[in-house]
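Colleague: Here is a sequence together with a model predicted from it:
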Amino acid sequence: MNVKEIWRYPAKSMAGEQLPAAQIGALGIAGDRKVLVRGTNGHVITSRTHHKLLGLKGTIDADGKPRISGHVWNSPEALQLVNAAVGPGANVLHYDGPERFDILPLLVATDGAIAAFGHDSRRLRPNIIIGDVEGLAERTWPGKCLRIGEVVIGIQDLRGRCIMTTYDPDTLQQNREVLNEIVDKFEGTLALNCYIVKGGEIRVGDNVELFSGKDCAANRAR
């Protein structure tokens, strides 16, 4: 098996950027989901309720600054785009805490499961896609670990999927049958909620090893 794709989502619920390599620490891929959109009620807004966020793109520039569709994340231009997507009164904040993740810091998918899914892999918003995986083998992986060079990733469980999967990542057109298919074919779950046991750098093309994870939970990265 190998690392087929690496993705980072600098702005939560917005389109992400594909990377050739990434540094992974205790809170997943460096720079992932550190920019959040907050509504007038103080709660974080996501594309589960405001799908037009998926039409904006989060990136990190050469100076390490997050950008929203080309604009520095806290600029008036970025805020204008955000308010056009979610409504007036929203603001954008930068946050490093673990609460910025819905479940765990890392989502891993496999090419075999994506092929069975039969839709654009971006609908699943994975951080890492593992290549050369047979069919739905990922469904037997919870409780095990992945080793990519010096990096060790613990696999907790399968990810329950939500309404976000029904939106085309390019057109934003909705097809509710996508989520119905996930429920019917995959019991509502696809891809893997993962945590970091040991950090380091990964690159596209790196070999991936699956092994018994009995010691993973006790040795999560701090």
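Modeller: In hand now; what should we look at?

Colleague: next one: the host helix or strand of Val152 to chain centre, how far?
Modeller: Val152 is located in strand 151-160, with elements delineated by DSSP states H and E. Between the centre of strand 151-160 and the centre of its chain there are 12 Å (CA atoms, centre = their mean, to the nearest Å).

Colleague: could you give the mean pLDDT of stretch 165-174?
Modeller: For stretch 165-174, mean pLDDT is 97.

Colleague: For it, measure first residue to last.
Modeller: 9 Å (CA to CA, to the nearest Å).

Colleague: In it, which residues are buried?
Modeller: Thr165, Thr166, Tyr167, Pro169 (16 or more other CB atoms under 10 Å). Where C-beta positions appear, they are placed from N, C-alpha and C, glycine not excepted.

Colleague: Can you say which two of these are spatially most distant?
Modeller: Thr166 and Pro169 (11.1 Å; CB to CB).

Colleague: Now do the shared contacts for the two.
Modeller: Taking CB atoms under 8 Å, 6 or more residues apart in numbering as the criterion, Thr166 and Pro169 both touch Arg123.

Colleague: Could I get the contacting residues of Gly143?
Modeller: Contacts of Gly143 by CB under 8 Å, 6+ apart are Ile155, Gly213, Lys214.

Colleague: hmm, I was thinking of Ala90
Modeller: Val37, Arg38, Gly39, Thr40, Ile45, Val82, Asn83.

Colleague: Would you agree Gly205 falls within a helix?
Modeller: No. Read with DSSP: H, G, I helix; E, B strand; the rest coil, Gly205 is coil and lies in no helix.

Colleague: about what we covered before: could the contacts of Ala90 be laid out in JSON lines, adding distance to Gly131?
Modeller: Converted to JSON lines, the contacts of Ala90 look like this (distance: CB to CB, whole Å):
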{"residue": "Val37", "distance to Gly131": "33"}
{"residue": "Arg38", "distance to Gly131": "37"}
{"residue": "Gly39", "distance to Gly131": "38"}
{"residue": "Thr40", "distance to Gly131": "43"}
{"residue": "Ile45", "distance to Gly131": "34"}
{"residue": "Val82", "distance to Gly131": "35"}
{"residue": "Asn83", "distance to Gly131": "39"}
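
Colleague: if we take those, which one ends up nearest to Arg147?
Modeller: Nearest to Arg147, judged by CB to CB, of the contacts of Ala90 is Val37 at 35.4 Å.

Colleague: Pairing partners for the strand holding Val152, with directions?
Modeller: Partner strands and pairing direction for strand 151-160 (DSSP bridges) are strand 144-148 (antiparallel), strand 189-198 (antiparallel).

Colleague: if you average pLDDT over that strand, what comes out?
Modeller: 97.

Colleague: what's the answer for stretch 94-113, then?
Modeller: 95.

Colleague: What is the end-to-end distance of that stretch?
Modeller: 33 Å.

Colleague: again with stretch 112-129
Modeller: With CA to CA, one end of stretch 112-129 sits 10 Å from the other.
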